[in-house]
Every structure is written in C-alpha cells, then in structure tokens.
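Participant: Provided below are the primary sequence and the corresponding predicted coordinates.
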Amino acid sequence: MPLALLALCCLPCTSFIPLAQPSQGIKQDTKKRKPKLREMPETRAGKRRRTAGPQQQQRQQQPQDDEKREAEEAEEAEEQGMEEGAALAALPAANWHRRGDLLEDCLVEGGVLPRELVGIVEGYCGHDFEGTSEELTGLTSAVYSVCELDDGRLASGSGDNTIRIWDLSKGGECVQTLTGHTSFVTSVCALGDGRLASGSDDNTIRIWDLSKGGECVQTLTGHTSAVWSVCALGDGRLASGSADNTIRIWDLSKEGECVQTLTGHTSAVFSVCASVDGRLASGSTDNLLRIWC
C-alpha cells in the first residue's frame with residue numbers, strides 16, 4: 001500500500017470534513033437583514049414614571065401645577081397693582097377727597113394697602129422738600145388753620161376774624177376775603193363740594209359756598225365755648241371739637257341740625273379727625289386721644 005494512502009487512513013474521523021461544492025452545496029442566503037438598533041439604557045426618571053401608579057404620578061405633577069398657578073397669580077396681582085397705581089397717580093393734586101375714597105376702596109384685610117400703592121403714596125407725599133418757601137402776605141393777625149380747596153386754592157383762618165382764599169396759580173394772590181365771624185377763626189375745612197366750613201372762638205360754625213361768591217349759607221350754633229376744630233365726615237355731616245369739652249355732630253342736609261353730642265373728655269377738645277373706616281378721633285387738653293365708633 002502506498003505510504004500516502006496509509007497516512008490518510010490513519011487520520012481521526014472527526015478531522016475529516018467533506019467540503020460541499022457550490023453546485024451541490026447549500027443555497028446562499030442573499031436576503032438583506034436589517035441591522036438591530038442598539039437599545040439605550042432607561043433613565044431613572046423614566047423608570048420612575050413608568051413604574052409609578054396613578055396617585056404617585058399625580059403627586060409628581062402637583063408641584064409643577066402649584067408653581068405654574070403661583071406664577072400666574074403673581075402676574076395677575078402685578079397687573080392689577082399697576083392699574084390701581086396708575087389710577088391713583090392720575091388723580092389731580094387738589095382732589096384730596098377723591099384720593100381718600102380711592103385709598104379706602106383699595107384697602108385690603110387688616111387695613112393694609114397693597115405694596116404697589118404704598119410705594120406710590122410714599123413717592124407722592126413723602127418727597128424731600130427743597131427748603132425754600134413762598135410768603136403769602138396780607139394777614140394782620142396769627143394764622144390758626146389752613147386747608148386745600150377742591151380747585152387747588154388755599155383757605156386760611158386767622159386771628160383777624162377773617163377767612164382768606166389764596167390762588168397759588170397767581171403767585172399766591174389773595175382773591176377773596178370772607179367775613180362774618182366775630183372772633184378769631186380757629187379752624188377751616190373743605191367739604192369737597194365747593195363749600196367750606198369754619199370754626200371760631202365766637203362759639204359758632206359757619207358754612208360758606210364759594211361757588212356763590214363766598215356766601216355764608218349756614219351758621220351752626222350749640223357749643224357754649226370756642227370751637228377749636230372742624231372736620232368733614234364724608235357722609236354730609238360735620239364734626240366739631242370745642243372748649244366746652246364736647247364733640248358735636250352736625251347734619252348739613254338737615255339745615256345744620258346737631259344730631260349728636262359726644263361727651264367723655266374732661267377738658268377742651270382741640271382737634272377732631274375722621275378716619276376712612278367711619279370712626280372719629282379726638283385730642284384734648286386732658287392728655288387723652290379718644291377714638292369714637
């Protein structure tokens with residue numbers, strides 16, 4: 001036996017692998033296969049959302065909803081404050097009564113103004129003065145009281161028993177002098193409808209109609225001593241404080257009838273002041289400040 005044939009027969013059977021011919025062999029797969037996409041690892045947040053139940057998902061969404069709602073409310077409050085502030089700033093300088101009404105309308109719970117309006121009020125009334133002044137001359141005695149009228153003019157009451165009207169737009173010219181009191185005029189107060197109230201040491205209160213040339217249309221009597229202070233209550237009534245230790249409430253719509261007398265002070269009432277919430281404050285030489293409800 002030839003050596004080559006003997007060597008072939010001695011090979012292990014596992015090493016003999018028949019090779020298929022192309023003509024007889026396995027059919028080649030010519031179909032193109034789509035490549036598999038590589039899967040990205042799932043994030044922790046995505047896994048939490050996928051595995052969270054309805055209640056947990058709602059809790060996760062709640063902080064976002066709260067933040068969005070708070071932002072919307074803040075924006076709405078800012079817009080409302082700007083509108084109210086613009087309305088306040090647009091009021092004429094002389095219209096103090098209307099300004100008081102607007103501030104009363106804008107008061108929130110606890111009597112605190114919104115921050116935007118507080119800033120506007122401080123900016124309007126709390127500015128620094130230059131330190132210069134203009135002198136209004138013509139008076140012959142002490143000036144006890146001054147007040148601003150609806151049209152921007154000033155009224156003053158003095159110890160010469162007169163009330164004078166000053167026009168600041170005309171260089172502080174005295175354009176009118178009201179006479180009628182028989183003693184010095186201690187207090188003047190604008191009533192907001194073209195009228196002016198004055199209190200005097202002659203124990204009386206007078207109501208003047210400036211639209212009728214300064215005519216005295218009412219004289220209120222009842223105090224037994226000097227009237228030191230008068231103030232408008234805003235509802236057609238007037239309050240007065242007197243050296244007879246009393247405060248009187250007068251209804252101007254009822255021909256100046258005294259409808260109430262407040263007692264409690266043990267000395268002269270030097271000052272009365274109405275608040276926007278309907279109360280009345282009074283100061284006296286008995287060293288007390290009283291609030292009347």
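Facilitator: Arrived safely.
Participant: Going by residue numbers, what spans are helices in the stretch 101-250 of the chain?
Facilitator: Ranges of helices within the stretch 101-250 of the chain are 115-125, based on DSSP state H, counting those that start in this stretch.
Participant: Can you list the low-confidence ranges for it?
Facilitator: 101-127 (pLDDT under 70).
Participant: residue ranges of the strands in it, please?
Facilitator: Per DSSP state E, counting those that start in this stretch, the stretch 101-250 of the chain carries strands over the ranges 143-148, 154-158, 163-167, 173-178, 185-190, 195-200, 205-209, 215-220, 227-232, 237-242, 247-251.
Participant: could those strands go into a markdown table alongside mean neighbour count and distance to Val276?
Facilitator: C-betas here are computed from N, CA, C, even on glycine. Listed next are the strands of the stretch 101-250 of the chain as a markdown table, based on neighbours: other CB atoms under 10 Å; distance: least, CB to CB, whole Å:
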| stretch | mean neighbour count | distance to Val276 |
| --- | --- | --- |
| strand 143-148 | 16 | 18 |
| strand 154-158 | 22 | 22 |
| strand 163-167 | 20 | 27 |
| strand 173-178 | 15 | 29 |
| strand 185-190 | 24 | 16 |
| strand 195-200 | 25 | 19 |
| strand 205-209 | 22 | 23 |
| strand 215-220 | 16 | 24 |
| strand 227-232 | 24 | 12 |
| strand 237-242 | 25 | 14 |
| strand 247-251 | 21 | 17 |
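Participant: Mind putting those strands into JSON lines with distance to Glu257?
Facilitator: Output for the strands of the stretch 101-250 of the chain, formatted as JSON lines (distance: least, CB to CB, whole Å):
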{"stretch": "strand 143-148", "distance to Glu257": "24"}
{"stretch": "strand 154-158", "distance to Glu257": "24"}
{"stretch": "strand 163-167", "distance to Glu257": "23"}
{"stretch": "strand 173-178", "distance to Glu257": "23"}
{"stretch": "strand 185-190", "distance to Glu257": "18"}
{"stretch": "strand 195-200", "distance to Glu257": "15"}
{"stretch": "strand 205-209", "distance to Glu257": "12"}
{"stretch": "strand 215-220", "distance to Glu257": "9"}
{"stretch": "strand 227-232", "distance to Glu257": "16"}
{"stretch": "strand 237-242", "distance to Glu257": "10"}
{"stretch": "strand 247-251", "distance to Glu257": "5"}
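Participant: helix or strand for Glu75, which one?
Facilitator: Assigning secondary structure by DSSP states H and E places Glu75 in helix 54-89.
Participant: re the thing from before, to Ser275, which of the strands of the stretch 101-250 of the chain lies closest?
Facilitator: Ser275 lies closest to strand 227-232 among these, at 10.3 Å (CB to CB).
Participant: Could you please name the strands that closest one pairs with and the direction of each pair?
Facilitator: Taking DSSP bridges as the criterion, strand 227-232 sits next to strand 237-242 (antiparallel) in its sheet.
Participant: contacts for the partner strand?
Facilitator: Residues from elsewhere that reach strand 237-242 (CB atoms under 8 Å, 6 or more residues apart in numbering): 189, 191, 197, 199, 203, 205, 220, 223-233, 247-252, 259, 268-272, 274, 280, 282-284.
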